[in-house]
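1. structure of the sequence below:
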Amino acid sequence: MVIGTGFCALGFIERVLKQDANARILLIEQGSFFLPEHVQNLPTPYQKLLVKQALKAFPWTLSPQVLNHNQYIKWQHGIVPFFGGGSTIWSAWCPEPTTAEMRDWPPATIKAAQDYFQTAKTLLNVIPANDEQTGKIFEHWQDQLTQRLKQNLQKIKSATRIEPAQIAVGTPTITSTDVEKFSTPGPLLNEVVQCQEEAKKHHIDSRLSIVTECTVTGIQQQENQATALETTRGVLNVGESKVILAMGNIQSTTLVLNSFPQAKNAGKRFTAHFISAIVARIPREDFLEIFDWDENLKDDLRKKKLELAAIYLAGVDQETEGQYHIQLSAISDPDPTNKTHIDTAARNMPDVLATASPKQLETSQDYIVFVCAVLGELFDNPSNGLEKNDHDNPISNVTLQVLETDKDLSVWDTMDKATFEVLEQGLSPRGKDRVEYWHGDPDTGQWQHQRHKIRVPGLVHEASTMWIGDDEEAVVDLDYRLKGVENVYITGASLWPTGGSWNPTLTMVALAQHLADNLTSRSVGS
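-> Model prediction:
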């Protein structure tokens with residue numbers, strides 16, 4: 001029984017069905033069908049729903065201290081309560097964390113993730129932005145800007161590595177040259193169809209069934225064994241089945257807090273990522289003067305060609321060892337009011353939320369615009385956590401507390417400084433005086449030479465509420481089983497002992513695949 005229809009559900013289900021011909025899976029989703037695929041693959045009006053947070057729900061209460069204590073952090077991004085969950089609106093960035101970036105993780109869990117990174121990349125269609133599958137829109141600026149940053153890495157004092165962004169956009173359809181962002185609804189429904197066809201052919205029950213608009217509100221147990229799911233559509237006996245929690249971090253922790261009092265440390269830890277947003281531009285001609293391209297190509301880039309680039313830079317605040325990374329998206333558009341360019345950019349942009357606005361682009365026909373989404377690690381604060389409150393609704397009766405510390409603010413200062421170093425010293429061929437920054441609202445602001453940053457009040461990538469480990473304090477065993485319960489298993493970023501700053505999806509899927517192989521007694525390479 002798999003609860004949730006996001007990345008972990010797909011990673012687990014696809015693997016189990018492939019490995020075990022006798023497996024039977026019931027997939028339970030609280031929401032209905034809404035977006036059939038990623039929002040960027042759909043007409044552009046759908047993206048406006050995303051920007052306005054219209055797709056999200058917030059099934060928790062924030063501690064009053066979040067508003068009273070914090071200078072910058074004011075809220076936690078919500079969940080997407082529809083089939084496919086957050087996979088329909090995510091950025092699709094899938095960095096592979098290094099061993100050092102998985103700080104304080106159990107060695108066995110690090111090894112499991114590393115063993116399964118490649119199978120996870122294959123499932124998610126993860127490719128580097130400079131891969132030929134990304135098409136001509138990433139053809140020229142991508143490699144040149146990445147190489148320039150690598151050559152100037154020493155100028156960015158806290159940086160540790162730079163690479164072309166790893167993005168889940170592989171395998172465009174034969175009818176489109178655009179990249180296509182990966183999401184789970186299509187692949188999950190494809191698994192259902194294949195199982196139905198197999199069942200019809202062999203006159204058996206389908207190995208995979210889906211029920212939607214069904215919220216699991218509690219799990220009954222006897223003698224440390226889950227025996228029944230309490231749902232909004234009645235009680236469902238578990239029998240000999242295993243229960244896989246594949247929902248979002250806060251949802252799965254809420255279910256555990258309401259169902260298993262023996263999970264005494266569930267919710268006692270909380271990590272997430274805070275964000276700075278910096279938008280800048282540098283004259284295109286400054287780059288054309290130093291890059292060794294023929295004049296015909298340079299002329300096309302000046303006058304015609306819309307191109308993008310996506311670069312990932314990781315770093316560490318030396319004082320606290322807190323991690324950060326920069327998701328750098330570059331847009332070079334000589335004709336920014338051209339409707340074809342507008343639609344093409346909207347579909348192919350590396351990050352649908354961290355992108356340049358029409359207002360920012362309309363006067364930037366002679367510039368490259370750089371949009372920096374900078375993510376820092378919120379960590380190591382025992383005051384942060386999720387706990388059950390006295391509200392009646394079992395799907396939202398939790399209080400989230402997340403408080404800024406001096407450590408967090410040190411990381412935040414370091415990552416902001418690093419972003420300005422990237423733009424002014426790592427990228428700009430003629431130094432900081434040629435860099436302009438966007439001030440004000442994306443639709444009404446203006447370009448100025450003075451530095452400007454926005455510290456975003458909303459946290460993303462919540463994690464660590466049911467961390468994995470082989471010590472007494474850990475909530476989940478190394479086999480992903482919830483401690484104290486025989487047949488309930490945890491997936492997703494709630495397992496993270498520490499959150500790092502890297503986007504979690506690739507690692508989430510890798511470990512979900514490892515769990516699937518554990519339960520079917522298979523392993524990579526066997």
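
2. where in the stretch 151-300 of the chain is pLDDT low?
-> Scanning the stretch 151-300 of the chain for pLDDT under 70 picks out 170-179.

3. show me where it has strands.
-> Applying DSSP state E, counting those that start in this stretch to the stretch 151-300 of the chain gives strands spanning 159-164, 166-168, 208-211, 216-222, 225-231, 234-237, 243-245, 271-283.

4. what pairs with the last one, parallel or antiparallel?
-> If I follow you right, that is strand 271-283. Note on strand 271-283: by DSSP bridges, its sheet partners are strand 367-378 (antiparallel), strand 436-439 (antiparallel), strand 454-463 (antiparallel).

5. now, of those, which is deepest in the fold?
-> Stretch with highest mean neighbour count among these: strand 367-378 (a mean of 26; mean count of other C-beta atoms under 10 Å). No exception for glycine: its C-beta is placed from N, CA and C like everyone else's.

6. distance from the chain centre to it, please.
-> 15 Å (C-alpha atoms, centre = their mean, to the nearest Å).

7. now do I162 against I290, distance only.
-> 18 Å (C-beta to C-beta, to the nearest Å).

8. more neighbours: those two, which one.
-> I162 (23 against 10; other C-beta atoms under 10 Å).

9. in the sheet, who's paired with R161?
-> Assigned bridge partners for R161, using DSSP bridges, are A314.

10. one more: G234?
-> Beta bridges link G234 to T231, T232 when assigned by DSSP bridges.

11. report the beta-bridge partners for the residue lying closest to Q448 once chain neighbours are set aside.
-> Once flanking residues are discounted, Q448 sits nearest to H439: 5.1 Å by C-beta to C-beta, 6 or more residues apart in numbering. Beta-bridge partners for H439, by DSSP bridges, are Q446.

12. the strands paired with strand 271-283: which one's closest to R233?
-> Among those, the nearest to R233 by C-beta to C-beta is strand 454-463 (27.6 Å).

13. who's in contact with the closest one?
-> Contact with strand 454-463 is made by 72-77, 248-250, 270-278, 375, 378, 402, 412, 493-494, 496, 499, 503-504, as judged by C-beta atoms under 8 Å, 6 or more residues apart in numbering.

14. hmm, back to that, so which of the strands of the stretch 151-300 of the chain gets nearest D408?
-> Of all those, strand 271-283 comes closest under C-beta to C-beta, at 6.8 Å.

15. about what we covered before: could the strands paired with strand 271-283 go into CSV alongside distance to A263?
-> Listed next are the strands paired with strand 271-283 as CSV, based on distance: least, C-beta to C-beta, whole Å:
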stretch, distance to A263
strand 367-378, 23
strand 436-439, 46
strand 454-463, 17
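
16. now those as a markdown table including mean pLDDT and distance to D104?
-> Shown next, in a markdown table, are those (pLDDT from 0 to 100; distance: least, C-beta to C-beta, whole Å):
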| stretch | mean pLDDT | distance to D104 |
| --- | --- | --- |
| strand 367-378 | 97 | 12 |
| strand 436-439 | 98 | 37 |
| strand 454-463 | 96 | 13 |
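
17. if we can go back for a sec, ChimeraX command to pick out the buried ones of the contacts of strand 454-463?
-> If you want just the buried ones from the contacts of strand 454-463 in ChimeraX, going by 16 or more other C-beta atoms under 10 Å, the selection is:
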select :73,75,76,77,248,249,250,270,271,272,273,274,275,276,277,278,375,378,402,412,493,494,496,499,503,504
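
18. point out where the stretch 351-500 of the chain drops to low pLDDT.
-> In the stretch 351-500 of the chain, residues with pLDDT under 70: 352.
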